[in-house]
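Engineer: fold the stuff below for me.
(one chain, ligands or ions: 1)
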Amino acid sequence: MSAAPGGRASSAPLLGRDAEPTVFELSVTGRSAAQLRTTGVPATLLERLVSASYLRREPVALPEVSERDLVGHFTRLSHRQFSVDLGMYPLGSCTMKYNPKAFDEIAAMPGIADVHPATPAPLTQGWLALLCEIERELCAVTGMHAATLQPAAGAAGELTGLLLMRAFHAANGETRTKVLIPDSAHGTNPASVTLGGYEVVTIPSDARGLVDVDALRAALDRDVAGIMLTNPNTLGLFEEEIDRIAAAVHEVGGLLYYDGANLNAILGVVRPGDMGFDIVHLNLHKTFATPHGGGGPGAGPVAVSERLAEFLPGPAPCRTADNQFEWRMPPRSIGRVHSWHGNALVLARAHAYLRVHGRDGLARVAERAVLNANWLRVRLHDSYPAAFDRPCMHEVVLTAAELKRTTGVRALDVAKRLLEEGFHAPTVYFPLVVDEALMVEPTETESPQTLAALADALERIARGATDDPDAAHEAPRSTPVRRLDEARAARHLVATEDDRDPVEPRG
Ligand SMILES: Cc1ncc(COP(=O)(O)O)c(C=O)c1O
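Structural biologist: Predicted structure coming up:
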């Protein structure tokens, strides 16, 4: 793409409906934000470094912008986003909690950040020692025996866990075909089961929002490789029958997989290993000081009980008999699940978070996360009752079904109105088993004042729905982008800048 003649002025209003120009539209031929001449690297002809067959015939069309215009562009874009650093982000199941900046500073220390992953083990003993320590800490928190730090995210951890399940059964000479999942499960669970080559069997929830243990028993046979569970489940409720569930699954030779994407509710209080689980994945980019969402790197380590340790991915960091560290492949490893050693700086942040909090501090995180969710459940009872009205864990699933029946204002409208009130929207229409679901996860990082302000805003929206339902249907009206046709945006994906056919804002 050629630069627009003259480019665009870099000053633009912060609010209002005007779209921020693309960086290509700011481009003016000859402008540059880079200062390559000051690097000290001697100039060399490209042809000497790269074979002619790999060289482009035409230069690639890159935007040419000054540093000033570039910084202005990204700063304006960042001011138009809602972010965890900006305000409360109660997106249920996602644990969008505030991440203290100290952990970023630790992960950015030169001895941690400036090490190339290909550096031989004898020169990276400190990093290997750190990785071994992180593995130990994650095993201590989950009640497991060993862990892999390689998977890059929760879903990658799930697939790793299912491949471990497969390897375990294969080593016992068994070809099992099915994995059980409750109907309230996160969408990545059935997707991972399918990717792992198993058939999904859905187990219904009972009237209390928990796994229906009779239905579970009826589905159990020797074709069942295992069950994937989240506890507390995706309705924010603790599976009280977990002992019976674990015993029943183990009785037919199946394994229990714990989706620990969100550990906020049980940190330092209960351990999946003690509940009978064999495989656990954790999203370090939720609970352990790395922001979730926004496309940044994550980490989904998988911890396992002793009988599964020999199948873990590798090479894994290990301590030798003479107290050195080296990379070793577990004896019956399923192989690599990530290039190099995973997203190492996310691991470094998690390590710092675990050390700073200590066991008591982690338990306080869980207690406050649970207290905050229950405070909102009780406070909002009259306007948005909980779908299952009893003590919840770190999140609460409210329903706007009655509001919709009496005013026509739906959960989606409430979520959009909340943006105008200065809060990010909660998760809506999930879990699928709740009508007009609003899934709120306040996290432990919000103050009582912020929780009260969120409750005030939600109550104001409910009251306003009777007098002026259109305000809710048309919301958000004061944000840079108004209500989008989300169904069309999802079905009509335009991923290139050249052929863009933007989805027009409504209203
Ligand atoms: C319960 C649960 N499981 C799994 C995942 C998947 O994690 P990721 O997005 O890192 O792949 C999530 C993500 O939010 C989740 O909430």
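
Engineer: three-state assignment of residue 270?
Structural biologist: coil (DSSP: H, G, I helix; E, B strand; the rest coil).

Engineer: domain parsing for this structure?
Structural biologist: As assigned by automatic domain parsing, the chain contains the domains 103-113+120-356, 366-491.

Engineer: the shortest one close to the ligand?
Structural biologist: No. When contact is scored as CB under 6 Å from any ligand atom, no part of domain 366-491 falls within range of the ligand; the minimum is 9.2 Å. Bear in mind the C-beta positions are built from the backbone N, C-alpha and C, glycine included.

Engineer: let me see the mean pLDDT of that domain.
Structural biologist: Mean pLDDT, computed over domain 366-491, is 95.

Engineer: thinking again about what came up before, mean neighbour count and distance to residue 90 added to the domains of the chain, as TSV?
Structural biologist: What follows is the domains of the chain, written out as TSV (neighbours: other CB atoms under 10 Å; distance: least, CB to CB, whole Å):
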stretch	mean neighbour count	distance to residue 90
domain 103-113+120-356	20	12
domain 366-491	19	5
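
Engineer: any chance of those domains in TSV, with distance to residue 83 too?
Structural biologist: As requested, the domains of the chain are exported to TSV (distance: least, CB to CB, whole Å):
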stretch	distance to residue 83
domain 103-113+120-356	8
domain 366-491	9
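
Engineer: who does whatever helix or strand residue 249 lives in touch, helix- and strand-wise?
Structural biologist: Per DSSP states H and E, residue 249 falls inside helix 242-251. For helix 242-251, the packing partners by 3 or more CB pairs under 8 Å, 6 or more residues apart in numbering; DSSP states H and E come out as helix 213-219, strand 224-229, strand 255-260, helix 272-275.

Engineer: is it possible to export these to CSV including mean pLDDT and distance to residue 473?
Structural biologist: Shown next, in CSV, are the helices and strands packed on helix 242-251 (pLDDT from 0 to 100; distance: least, CB to CB, whole Å):
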stretch, mean pLDDT, distance to residue 473
helix 213-219, 98, 39
strand 224-229, 98, 38
strand 255-260, 98, 35
helix 272-275, 98, 43
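
Engineer: so for residue 313, which of those sits nearest?
Structural biologist: Of all the helices and strands packed on helix 242-251, it is strand 255-260 that lies closest to residue 313, at 15.8 Å by CB to CB.

Engineer: dump that closest one to CSV, keeping only the CA atoms.
Structural biologist: Extracted in CSV, the C-alpha atoms of strand 255-260 (Å, rounded to 0.1, in the frame of the first residue of the first chain):
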residue,chain,number,x,y,z
LEU,A,255,-8.5,-40.4,35.3
LEU,A,256,-9.6,-37.1,36.7
TYR,A,257,-8.6,-33.9,34.9
TYR,A,258,-8.8,-30.6,36.8
ASP,A,259,-9.4,-27.5,34.7
GLY,A,260,-7.5,-25.1,37.0
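
Engineer: and it, how far out from the chain's middle?
Structural biologist: Chain-centre distance of strand 255-260: 17 Å, with CA atoms, centre = their mean, to the nearest Å.

Engineer: and the angle for that strand with strand 224-229?
Structural biologist: Interaxial angle of strand 255-260 relative to strand 224-229 (axes from the mean of the first three to the mean of the last three CA atoms, to 10 degrees): 20 degrees.

Engineer: what sits up against strand 255-260?
Structural biologist: With CB atoms under 8 Å, 6 or more residues apart in numbering as the test, strand 255-260 has contacts from 142, 154, 158, 161-162, 165, 168, 179, 185-186, 189, 225-231, 245-246, 249-250, 272, 275-283, 308.

Engineer: those residues also near the ligand: which ones?
Structural biologist: Contacts with the ligand within the contacts of strand 255-260, counted by CB under 6 Å from any ligand atom: 154, 186, 230, 283.

Engineer: show me what contacts the third one?
Structural biologist: If a contact means CB under 8 Å, 6+ apart, then residue 230 has 185-186, 258-262 as its contacts.

Engineer: model confidence for residue 503, exactly?
Structural biologist: 49.

Engineer: equivalent analysis for the one 4 residues further on, please.
Structural biologist: Reported pLDDT at residue 507 in the predicted model: 37.

Engineer: and residue 174, by the same measure?
Structural biologist: Looking at residue 174, its pLDDT stands at 97.

Engineer: does it touch residue 253 like I think?
Structural biologist: Yes. Counting by CB atoms under 8 Å, residue 174 does reach residue 253; the two are 7.3 Å apart.

Engineer: mutual contacts of these two, please.
Structural biologist: Counting by CB under 8 Å, 6+ apart, the residues touching both residue 174 and residue 253 are residue 222.
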